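Colleague: Give me coordinates for this.
(2 chains)
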Amino acid sequence: RKEVEQDPGPFNVPEGATVAFNCTYSNSASQSFFWYRQDCRKEPKLLMSVYSSGNEDGRFTAQLNRASQYISLLIRDSKLSDSATYLCVVQGGSGNTGKLIFGQGTTLQVKP
Amino acid sequence: GAGVSQSPSNKVTEKGKDVELRCDPISGHTALYWYRQSLGQGLEFLIYFQGNSAPDKSGLPSDRFSAERTGGSVSTLTIQRTQQEDSAVYLCASSPGRHQETQYFGPGTRLLVL
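Modeller: Here you go, the predicted structure:
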């Protein structure tokens, strides 16, 4: 079983749609959680950190459920420019040196 | 300021040859990570350097892979006797140094082993 699991998609949605991505992780000792965005043939870039209290950045809302070991990302009012692969990432845990553990990524394609 | 830089951006080599990949982290960042992204695979951790501490090599896939970090700055990832399965994008990331901090990625080196 992978340490971080995501539905690879692709998710094909029209502009303006709301789309949600989910992710589960297996290491209950994980300490930090992130969503990264990766455009085609580019490096990953941090989209947002994820906290148990939930956090919002404009059209993006991230949520962490530690009890269920579940992370989500909600994108409202999708734009064409949101088309990318979204990577669920966890960090930390016993003996961990800060390395990031990546999910396979969920591909989003926003269509006009 | 300048971000993480990597060179070369692309490398084509023949099976059995050695390759060296270079990473220049963000100035002042003491933590440096190497990751690999193979076609159809997620990013996987390879090795981590933090200051003068012994590196965490737990992600290196075989003893053909090694890395150095000289002077606490530039790092070189070396792959000896390359195999076709080594073909991937090799990404370097740096962070200020404490755990749980944002890692900033370089553009990667695309390695193709023929």
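Colleague: Quick check: end-to-end length of stretch A:41-58?
Modeller: 26 Å (Cα to Cα, to the nearest Å).
Colleague: So what touches that stretch?
Modeller: Contacts to stretch A:41-58, defined as Cβ atoms under 8 Å, 6 or more residues apart in numbering or on different chains, come from residues A:32-38, A:60-66, A:71, A:73, A:86-87, A:102, B:43, B:91, B:102-108. C-beta coordinates here come from the backbone N, C-alpha and C atoms, glycine included.
Colleague: Could I have the buried ones of these as PyMOL selection syntax?
Modeller: Here is the PyMOL command that selects only those of the contacts of stretch A:41-58 that count as buried (16 or more other Cβ atoms under 10 Å in any protein chain shown):
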select buried, (chain A and resi 32+33+34+35+36+37+38+60+61+62+63+64+71+73+86+87+102) or (chain B and resi 43+91+103+104+105+106+107+108)
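Colleague: Please list the members of the contacts of stretch A:41-58 that lie in strands.
Modeller: Those of the contacts of stretch A:41-58 mapping onto strands are A:32-38, A:60-65, A:71, A:73, A:86-87, A:102, B:43, B:91, B:104-105, per DSSP state E.
Colleague: can you list the residues of chain B near chain A?
Modeller: Taking Cβ under 8 Å from any Cβ of the partner chain, the part of chain B that reaches chain A is made up of B:31, B:33, B:35, B:41-45, B:48, B:50, B:56, B:59, B:91, B:93, B:95, B:99-108.
Colleague: Low-confidence bits of chain A, can you list those?
Modeller: Across chain A, the ranges flagged by pLDDT under 70 are A:93-97.
Colleague: where along it do the strands fall?
Modeller: In chain A, strands defined by DSSP E lie at A:4-6, A:11-14, A:19-25, A:32-38, A:45-49, A:55-57, A:60-65, A:70-75, A:84-91, A:100-102, A:106-111, listed in chain order.
Colleague: Pull the residues that contact the second one.
Modeller: Counting contacts by Cβ under 8 Å, 6+ apart, the residues outside strand A:11-14 that touch it are A:Val19, A:Phe21, A:Ser78, A:Thr106, A:Thr107, A:Leu108, A:Gln109, A:Val110, A:Lys111, A:Pro112.
Colleague: Please repeat the previous calculation with a cut-off of 6 Å.
Modeller: Contacts with strand A:11-14, where a contact means Cβ atoms under 6 Å, 6 or more residues apart in numbering or on different chains, come from A:Val19, A:Ser78, A:Leu108, A:Gln109, A:Val110, A:Lys111.
Colleague: partner strands of it, parallel or antiparallel?
Modeller: Here the strand partners of strand A:11-14, with direction, are listed using DSSP bridges: strand A:106-111 (parallel).
Colleague: Next to chain B, which bits of chain A? Give me the list.
Modeller: Within chain A, the residues that sit near chain B (Cβ under 6 Å from any Cβ of the partner chain) are A:Ser32, A:Glu43, A:Pro44, A:Leu46, A:Thr97, A:Gly98, A:Lys99, A:Phe102, A:Gln104.
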